[in-house]
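Chemist: return a 3D structure for these sequence lines:
(one chain, ligands or ions: 2)
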Amino acid sequence: MSKEIYENPDLKKERQNCPFNKEEITHLLDGGKEKTIERKQLENYILSDEQLKDAVPMEYLSHADKYAEELRKACLLMHKLADSPAGQVPTLRALMGAGLGSAVLKEGNPLALHYVMFIPALMGQGTIDQQAKWLEKAYNLNMIGTYAQTELGHGTFLRGLETRATYDPKTQEFILESPSLTAYKWWPGSLGKTANYAVVMAQLYTKGKCEGTHPFMVQLRDEETHEPLPGIVNMWLNPVCISSYIHYGTYVKPTNSKLSYATMVFVRVVVCQDVTTNLRKAVTIATRYSCVRRQSELKPGDREPQVMDYQAQQNKLLPPLAATFAFQLAADHLWNLYHTANNNIEQGDLELLPDLHGLSCALKALCSSEAANFVEVCRQSCGGHGYMSCSNFPRIYGQVTAAETYEGENTVLWLQVARYLVKTRKEQSGGLSVKYLIGEEKGPKTVDTTLEGIVKLYRRAAVGLVDVAIAELDKSGRKGEAPHDAWNHAAVYLIKAAQAHARLFVVESFVDSLKEGKLSAPVRTVLSQLCELFIIYWLLERSGDFFLCSNLTKQDLLLLNSKYVELLAAIRPQAVNLVDSFDLRDEVLNSPLGCWDGNVYQRLFDEAAKSPLNQSNVHESFHKYLKPLLKSNL
Ligand SMILES: CCCCC/C=C\C/C=C\C/C=C\CCCCC(=O)SCCNC(=O)CCNC(=O)[C@H](O)C(C)(C)COP(=O)(O)OP(=O)(O)OC[C@H]1O[C@@H](n2cnc3c(N)ncnc32)[C@H](O)[C@@H]1OP(=O)(O)O
Ligand SMILES: Cc1cc2nc3c(=O)[nH]c(=O)nc-3n(C[C@H](O)[C@H](O)[C@H](O)COP(=O)(O)OP(=O)(O)OC[C@H]3O[C@@H](n4cnc5c(N)ncnc54)[C@H](O)[C@@H]3O)c2cc1C
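Modeler: Numbering: from 1, shown residues only. Ligands and ions are numbered 1, 2, ... in the order given. Now for the predicted structure:
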């Protein structure tokens, strides 16, 4: 007799009479029906393998055992990658990111940097000959690489990196050295124990002149013994300059000195998608739990309500739910720009490079910071159980907050965006993604609170805040301040302008995607509600920007507030159906709070029982420490 599948009655009720086709949204997020089929096949292929399951929860292992267990599974995954039914690239992307990969490698993938930075660096920076020599070896995992740029003393300021690569014309070799403690490479993933090669970013010196940071291929460990090569601690020999600019002893400048930063641009683009996947997981966990959890009293004398019925809870969870769609669509737009720009760069056309840099910095900083804030709100919305390690919120939060720092610390990236915006506005040129900065925003300054009207407000804020920042820079200039001091003293305004630009890009991506997308009426309705909710939410959160740069009035704001709470109520009935549309398997969510069946309390209890401390009634430490204390009559 088939075992009755338990489904929490409240969740079951939430799922009845769904007014839209969940699969249509699943296909939209996957990039089409075929992609969904491929993803599900791949998930079954990976998650059905018993060898990839954890015998004990990772949190109960020692640091070394965690590393060994993750490496065991990562190596097994790579074998499965080779035989994957879905093909190598889709499998690769799925295994490296926050989705399927994190269902198996919960503490992180020791081989991630090999695929996310080492191979992209070879592909983006290597000469044809170098790619012929190393790419196949890297793809066949006959070498494991990492990307070693950050040092103990420098991570942000690449022009300040201390590692030196001095070209010796006699031997036609580069001598790499770490001249000081602060020059030690620090932070590169896999560098400690896993990688035997690295792309090392170092200052290139030739004929006594520093030519700036360049990438070098360096072997770190013996391929057989895995022992560090002689002198590897503070002196590296025999590196090879990747995309060598040394021709017969003479340095030939690259067409753009920032092309050596290309690998970071790639990862910034990828990070936008990755933090969005993590946010989808957090929202799914919190939403399902909020429909299972009944607490307190809404109507005196009534049964305790689902906490999702409190407007306060909807205000916590529906904006991040909407954000998952907004960030996904913006990340898709950025990914397309990345490919266009990259194809052009390969043909020697660098025109889109500043746009790509500006936009990738903007979106990486925005998506990672917003996702981190929203994940924390999702955790808090689950009360005490949200604080438990098994809820998976601590791990998801750790992953998204890391993205606020790595691949360019967010503040530094915001200032890069501001530099690009100020230049575009002042020169009135270029600016694929900032076309609104060229010329004046036409039309009346009156405000209408339709979707189009709100987008116009975002545009006015984005232009207006750049102009406010430029006015600050000019004011400092008139006072005789040097440009670098004026820049530093305008930082607050510059960052606000950069953030407003990033939000405009996300808002326009969301609105345009709904206009262009071939959506059924029910799906269009619910996504339009989410879009309107999200752009009003952000406007209300940052109303100061809009008061400063448009004719927004107090009445407008009160009207928008009313519209916002109406939308909360309108979307509330579809919250579970929307997160179900993400089609995230329980193994990917990895949280008893977010499981599809809503059997939260039993699963929490089962998780607690796994703790080593719960394997006996009295832990041995009682007899060693507590009992003597109890007897000591202090
Ligand atoms: C294949 C599988 C895919 C699946 C993957 C799935 C998931 C992956 C998820 C996560 C990723 C996993 C792991 C990630 C681990 C993280 C790894 C790292 O952290 S690696 C190290 C990262 N470090 C940094 O990002 C350093 C940040 N600092 C910088 O980038 C630079 O120092 C700088 C801040 C940009 C300043 O550089 P610099 O001082 O040289 O330049 P400026 O003087 O400021 O500007 C001069 C000029 O150059 C332009 N510019 C700067 N950078 C770029 C660029 N990258 N591209 C193009 N142009 C650039 C800048 O705009 C100025 O132009 P102009 O105004 O016209 O003069
Ligand atoms: C999980 C993780 C994984 C990583 N993996 C790798 C890797 O694989 N390879 C690698 O090479 N690196 C890696 N890193 C390092 C990472 O790239 C750096 O930590 C990051 O670039 C930040 O640089 P920093 O640590 O020097 O921070 P700092 O720049 O020292 O930041 C300290 C403070 O200074 C501020 N600041 C710095 N410059 C400016 C400025 N110009 N204007 C205003 N404020 C400024 C920052 O905003 C910040 O508030 C990793 C980091 C983490 C957290």
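Chemist: C-alpha from now on. contacts and neighbour counts both.
Modeler: Will do.
Chemist: where in the stretch 1-150 of the chain is pLDDT low?
Modeler: Low-confidence regions of the stretch 1-150 of the chain, defined here as pLDDT under 70, cover residues 1-3.
Chemist: taking it, what residue is nearest to ligand 1?
Modeler: With CA to the nearest ligand atom as the measure, the residue in the stretch 1-150 of the chain that lies nearest ligand 1 is Gly97; the distance is 3.7 Å.
Chemist: which helix runs longest in this protein?
Modeler: When secondary structure is assigned using DSSP state H, the longest helix within the chain turns out to be helix 311-346.
Chemist: buried set for that one?
Modeler: Applying a neighbour-count criterion of 16 or more other CA atoms under 10 Å, the buried positions in helix 311-346 are 313-335, 337-338, 341-342.
Chemist: moving C-terminal from it, which element do we reach first?
Modeler: Sequence-wise, the next helix or strand downstream of helix 311-346 (DSSP states H and E) is helix 353-380.
Chemist: how about that following helix, does it get close to ligand 2?
Modeler: No. Using CA under 6 Å from any ligand atom, helix 353-380 stays clear of ligand 2, with a minimum separation of 11.5 Å.
Chemist: output the lowest mean pLDDT helix or strand found in the protein.
Modeler: In the chain, no helix or strand scores lower on mean pLDDT, DSSP states H and E than strand 235-236, which sits at a mean of 40.
Chemist: excluding its backbone neighbours, what's nearest Lys73?
Modeler: Leu52 (5.8 Å; CA to CA, 6 or more residues apart in numbering).
Chemist: how about the one you found, what does it touch?
Modeler: For Leu52, the set of contacting residues under the criterion of CA atoms under 8 Å, 6 or more residues apart in numbering consists of 46, 73, 76, 104.
Chemist: for Ser62, see how far away it is.
Modeler: Between Leu52 and Ser62 the computed distance is 19 Å (CA to CA, to the nearest Å).
Chemist: which residue ranges of the chain form strands?
Modeler: Per DSSP state E, the chain has strands spanning 145-148, 164-168, 173-177, 197-206, 209-219, 235-236, 240-241, 246-247, 250-251. These are given in chain order.
Chemist: go through these and pick out the most buried.
Modeler: A comparison of those by mean neighbour count, using mean count of other CA atoms under 10 Å, puts strand 145-148 on top with a mean of 28.
Chemist: quick one: is that one near ligand 1?
Modeler: No. Legend: contact between strand 145-148 and ligand 1 by CA under 6 Å from any ligand atom is lacking; minimum distance shown is 6.5 Å.
Chemist: gap between that strand and the chain center?
Modeler: Taking CA atoms, centre = their mean, to the nearest Å, the mean C-alpha location of strand 145-148 is offset from the chain mean by 19 Å.
Chemist: return the member of the contacts of Leu52 nearest to Ala282.
Modeler: Within the contacts of Leu52, the smallest distance to Ala282 is 17.3 Å, found for Val104 (CA to CA).
Chemist: what residues does the stretch 401-550 of the chain have near ligand 1?
Modeler: Of all the residues in the stretch 401-550 of the chain, those lying near ligand 1 are 406-408, 412, 416, 419-420, going by CA under 6 Å from any ligand atom.
Chemist: repeat that for the chain.
Modeler: Within the chain, the positions near ligand 1 by CA under 6 Å from any ligand atom are 92-93, 96-97, 113, 115-116, 149-150, 155-159, 258, 261-262, 264-265, 267, 270-271, 274, 353-354, 357, 406-408, 412, 416, 419-420.
Chemist: Leu298 touches Pro305, doesn't it?
Modeler: Yes. The pair Leu298 and Pro305 passes the contact test of CA atoms under 8 Å, sitting 6.4 Å apart.
Chemist: ok, these two, which is more surrounded?
Modeler: Pro305 (17 against 14; other CA atoms under 10 Å).
Chemist: contacting residues around the more buried one?
Modeler: Contacts of Pro305 were listed using CA under 8 Å, 6+ apart, and they are 294-298.
Chemist: ok, the residue of the stretch 1-150 of the chain closest to ligand 1 - contacts?
Modeler: Gly97 makes contact with Asp274 under the criterion CA under 8 Å, 6+ apart.
Chemist: what about Thr146, distance to Ser102?
Modeler: According to CA to CA, Thr146 stands 19 Å off from Ser102.
Chemist: same question for Ile25.
Modeler: Between Ile25 and Ser102 the computed distance is 23 Å (CA to CA).
Chemist: also Gln273?
Modeler: When distance is defined by CA to CA, Gln273 is 14 Å away from Ser102.
Chemist: what about the chain, any weak spots by pLDDT?
Modeler: Judged against pLDDT under 70, the low-scoring parts of the chain cover residues 1-3, 233-240, 243-249, 430-433, 439-445.
Chemist: near ligand 2, which residues of this structure?
Modeler: Of all the residues in the chain, those lying near ligand 2 are 147-150, 154-156, 187-189, 402, 405-409, 411-412, going by CA under 6 Å from any ligand atom.
Chemist: ChimeraX command to pick out the buried ones of those?
Modeler: Here is the ChimeraX command that selects only those of these that count as buried (16+ other CA under 10 Å):
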select :147,148,149,150,154,155,156,187,188,189,402,405,406,407,408,409,412
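Chemist: among the residues of the chain next to ligand 2, which ones are in helices?
Modeler: The helices, defined by DSSP H, take in 402, 405, 411-412 from these.
Chemist: between all of the residues you listed, which two are separated the most?
Modeler: The largest separation in these, counting by CA to CA, is between Ala402 and Val412 at 14.9 Å.
Chemist: more crowded one of Ile25 and Ser102?
Modeler: Using other CA under 10 Å as the criterion, Ile25 and Ser102 rank with Ile25 on top: 25 against 22.
Chemist: so what's the more buried one up against?
Modeler: By CA under 8 Å, 6+ apart, the contact list for Ile25 reads 523, 581-582.
Chemist: any chance of TSV for those, columns neighbour count?
Modeler: As requested, the contacts of Ile25 are arranged in TSV below (neighbours: other CA atoms under 10 Å):
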residue	neighbour count
Val523	18
Ser581	19
Phe582	21
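Chemist: in helices, which of these fall?
Modeler: Among the contacts of Ile25, the residues falling in helices (DSSP H) are Val523.
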